[in-house]
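In: Structure for the following, please:
(chains A, B, C and D)
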2 protein chains.
Amino acid sequence: MATEKKLDCVILGLLSHEELTGYEIKKRMDTALKYFWGASYGSIYPTLSDLVSRGLATKKESTENKRNKQIYTITDKGHKYLKQWLALPVEKDELRYETLLKLFFGNDVGPLQTIEHITAFQDKIEKEIPYLLEAEKALKNCLNDDATHKYYLLTVEFGIKTYHAYLEWCKEAKEFLL
Amino acid sequence: MATEKKLDCVILGLLSHEELTGYEIKKRMDTALKYFWGASYGSIYPTLSDLVSRGLATKKESTENKRNKQIYTITDKGHKYLKQWLALPVEKDELRYETLLKLFFGNDVGPLQTIEHITAFQDKIEKEIPYLLEAEKALKNCLNDDATHKYYLLTVEFGIKTYHAYLEWCKEAKEFLL
DNA sequence: CTTACCATGTAAGGCGTTACATGATTCA
DNA sequence: TGAATCATGTAACGCCTTACATGGTAAG
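Out: Here you go, the predicted structure:
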């Protein structure tokens, strides 16, 4: 019954359209998935081994050069498992914003310090937006190449939309506190 | 260096304006804080004991009736600790939306199933909005009573704004997929 | 020649959940 | 009298991160 682990499904999802190494999986986590899902090497590599032992993926050594490179491929069983999980209703969407926490207790330290937290948040968001817009542009330009791009684009649009809402809120919140 | 635990600060923040029992703390987590921070009894009670052993809070037994009720109060040291934490920059704001994950891999199961996930998400958000609006109204009506309400209101406004952005996205996303 | 990136993995330990276990009180 | 809510806590376990440990390759 315990909180179901999702990382195996995430990895299978990534493997479902290309063979990947653990390192490459991590890169995708840090780019395409970073806005809504994260993972470290310390969880990726063990999960990969687990996937192989459960027969949901296979592992092969790279042949092209000396480099110690393990390439993972999804199996039919893995595809099935992934599809089953995708069909299940979503269990949990969780947001954990320390900024809001510090804001909530803002009265203990006064408006100036709170405004600083809001400004830091604002800066962080403003720096992320260009990447999202770039991704949006790139994805729109190759929508016909690969149907998966369509879904990727939707997550980017989600990010753009919410980030703009965040910025609007930052502006209003600061005005309210001054 | 390990991920700093935040629950102690959250509890101190709640205790900073009123004495509370573990049960009451949990209630606040499930209402005012639920949109950006969660915690279970299994983490609240041990943290409370820990707070007492570190001298950041004190515990006293309820005198009013037979009920086994432990009331926690913040100490001066606790106030100092809380303020120090509030002054520190935010370490991490994290969003973990399984909905976006399933969306990202939507190509593996097609648009219809993806639309179902979006609809479920939409329903969930639509059901939450009335509570946020109610809280907004109540807080606006008593802004002068207690300065802490001002900060609470800001977190509610954040919720309202982002939830509206979510709904807009849901609508557009579904149109895009059809 | 050294910095950055490619590449894999383990160990220790933190954090938090779920399930369990218990019992009082209030209200219909 | 039964359901809901009040009320506290522990035990087992799962998940994940950080830090550690190691080494190859490419580019400037």
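
In: Find me whatever residue is spatially closest to A:W37, sequence neighbours aside.
Out: Nearest non-adjacent residue to A:W37, counting by Cβ to Cβ, 6 or more residues apart in numbering or on different chains: B:L101, 5.6 Å away. Quick note: C-beta positions are derived from backbone N, CA and C, even for glycine.

In: Quick check: the gap between that neighbour and A:W85.
Out: As judged by Cβ to Cβ, to the nearest Å, B:L101 and A:W85 stand 10 Å apart.

In: so what's in contact with those two at the same time?
Out: The contact sets of B:L101 and A:W85 overlap at A:C9 (Cβ atoms under 8 Å, 6 or more residues apart in numbering or on different chains).

In: If you count surrounding residues, which of the two has more?
Out: Ranked by neighbour count (other Cβ atoms under 10 Å in any protein chain shown), B:L101 and A:W85 place B:L101 first, with 23 against 20.

In: is it true that that one touches A:K6?
Out: Yes: counting by Cβ atoms under 8 Å, B:L101 touches A:K6, with 7.0 Å between them.

In: Need the overlap of contacts for those two.
Out: A:W37.

In: Quick one: the helices in chain A, in order.
Out: For chain A, the helices defined by DSSP state H occupy A:7-15, A:22-30, A:41-53, A:76-87, A:98-104, A:111-141, A:148-177.

In: quick one, what contacts A:F158?
Out: Going by Cβ under 8 Å, 6+ apart, A:F158 touches A:F36, B:L100, B:L103, B:Y166, B:W169, B:A173.

In: measure it to A:R96 for me?
Out: From A:F158 to A:R96 the distance is 17 Å (Cβ to Cβ).

In: Low-confidence stretches in chain A?
Out: A:1-3, A:65 (pLDDT under 70).

In: Let me see the domain layout of it.
Out: If you go by automatic domain parsing, the domain ranges for chain A are A:7-87, A:98-177.

In: How far does the last one stretch from one end to the other?
Out: Which is domain A:98-177. Its first and final residues considered, domain A:98-177 spans 19 Å by Cα to Cα, to the nearest Å.

In: What of the longest one?
Out: Using Cα to Cα, one end of domain A:7-87 lies 16 Å from the other.

In: And for A:R67, the neighbour number?
Out: 8.

In: ok, now A:L51?
Out: Residue neighbour count, defined by other Cβ under 10 Å, stands at 23 for A:L51.

In: Quick one: closest of the domains of chain A to B:L177.
Out: With Cβ to Cβ as the criterion, B:L177 lies closest to domain A:98-177 of those, at 7.7 Å.
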